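>>> okay, here's the prediction I keep looking at, along with the sequence it came from:
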Amino acid sequence: EMEALTAVSVAGLTVIDMIKAVDKAAAITDVRVESKTGGKSGDWARG
């Protein structure tokens with residue numbers, strides 16, 4: 001999950017960097033894992 005969260009955060013920051021010239025109030029509010037499959041603990045979904 002950590003790699004996915006890092007990638008999403010970087011992508012979000014890139015989008016915010018492009019948008020900030022148009023909308024100074026743009027913000028990233030939540031970055032979280034909604035579901036995952038595989039791995040030692042099996043499938044998981046936010047409940």
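Structure received.

>>> quick one: neighbours of A21, just the number.
By other CB atoms under 10 Å, the residues close to A21 number 8. For the C-beta atoms, the positions are set from N, CA and C on the backbone; glycine is no exception.

>>> in which helix or strand does it reside?
Taking DSSP states H and E as the definition, one finds A21 inside no helix or strand.

>>> also G39?
G39 belongs to no helix or strand, assigned by DSSP H and E.

>>> how near is it to I19?
G39 sits 34 Å away from I19, going by CB to CB, to the nearest Å.

>>> now do W44
32 Å.

>>> likewise V8?
For V8 relative to I19 (CB to CB), the value is 16 Å.

>>> and what of A27?
Remark: distance between A27 and I19 (CB to CB) = 10 Å.

>>> tell me the spacing between the residue of the chain positioned farthest from its centre and A7.
Relative to the mean C-alpha coordinate of the chain, counting by CA atoms, centre = their mean, the farthest residue is K40 (22.6 Å). According to CB to CB, K40 and A7 sit 22 Å apart.

>>> what of A26?
Computed with CB to CB, the distance linking A26 and A7 is 20 Å.

>>> looking at those two, which has the bigger crowd around it?
The neighbour count for A26 versus A7, taken as other CB under 10 Å, is higher for A26 (13 against 10).

>>> what's the pLDDT at the closest residue to that one other than its chain neighbours?
Once flanking residues are discounted, A26 sits nearest to I19: 4.6 Å by CB to CB, 6 or more residues apart in numbering. Reading off the confidence values, I19 has pLDDT 95.
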